[in-house]
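Asker: sequence plus the predicted model coming up.
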Amino acid sequence: MALKSTVFKAEIQVSDLDRGYYGTHALTIARHPSETDERMMVRVLAFALHADPMMRFGRGISSDDEPDLHLDDLTGQSLLRIEVGLPDVSRVRKACGVARQVVVYSYGRAAGIWWKQSEGDLVRHDNLAVVALAPELTRDLAALATRNMQLQCTIQDGAGWFSDAKKSVEFSLEHLKRHSVGNYRR
């Protein structure tokens, strides 16, 4: 019998001063048995950084055909696809072919190696951004994971704070590659 996903609930208050976005989101997150708290919380951080009422989580680590997060318009056009971890280059290229913008949040000990091996194939995609997350950040985010989370995320000047009632994690983002096209919302 296959192991089932563990369901996490999170209420996250986002104050994104850079985008002028303020909202509270009730999230239900299915964590696959092979997914770590670290990876799950990177997905939650990515949600907060791009928060939108229409943002959706993909089916997760067990699904090869869906991104970790995605934002589609009302016609079904893919506006934004987000991948976390060290995705296969062909998966990223495919996402760049269908979405207005794609963001990869890379993390882990092998993130630098992944980027060195992938950079040549990925730099030509104008609609792709790649962000490296520091190991300390992802470790501290994992420490915030509980089955029922009350989280706050404040973003200002490209940096921010992610916190619950007991702990606060400060973060900044290292952009390895930035989009060279306009916003995914037109």
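Answerer: Good, I have the coordinates.
Asker: which residues of the chain fall in strands?
Answerer: Taking DSSP state E, the strands of the chain run over residues 6-16, 21-31, 55-57, 69-72, 78-84, 101-106, 128-132, 148-156, 159-163, 168-172, 174-177.
Asker: just those strands: most buried one?
Answerer: Mean neighbour count, computed with mean count of other Cβ atoms under 10 Å, is highest for strand 101-106 among these, reaching a mean of 26. C-betas here are computed from N, CA, C, even on glycine.
Asker: show me how far that strand is from its chain's centre.
Answerer: Put simply, strand 101-106 sits 7 Å off its chain's centre (Cα atoms, centre = their mean, to the nearest Å).
Asker: please name every helix or strand in contact with it.
Answerer: Contact analysis of strand 101-106 by 3 or more Cβ pairs under 8 Å, 6 or more residues apart in numbering; DSSP states H and E lists helix 37-49, strand 78-84, helix 89-98, strand 128-132 as its packing neighbours.
Asker: alpha carbons of the first one, in PDB - could you do that?
Answerer: Taking Å, rounded to 0.1, in the frame of the first residue of the first chain, the C-alpha atoms of helix 37-49 are listed here in PDB:
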ATOM      1  CA  ASP A  37       9.800  20.100   5.400                       C
ATOM      2  CA  GLU A  38      12.500  22.200   3.800                       C
ATOM      3  CA  ARG A  39      11.200  21.700   0.200                       C
ATOM      4  CA  MET A  40       7.600  22.200   1.300                       C
ATOM      5  CA  MET A  41       8.500  25.500   3.100                       C
ATOM      6  CA  VAL A  42      10.400  26.700   0.000                       C
ATOM      7  CA  ARG A  43       7.100  26.200  -1.900                       C
ATOM      8  CA  VAL A  44       5.300  28.200   0.800                       C
ATOM      9  CA  LEU A  45       7.900  31.000   0.500                       C
ATOM     10  CA  ALA A  46       7.600  31.000  -3.300                       C
ATOM     11  CA  PHE A  47       3.800  31.300  -2.900                       C
ATOM     12  CA  ALA A  48       4.300  34.300  -0.600                       C
ATOM     13  CA  LEU A  49       6.700  36.000  -3.000                       C
END
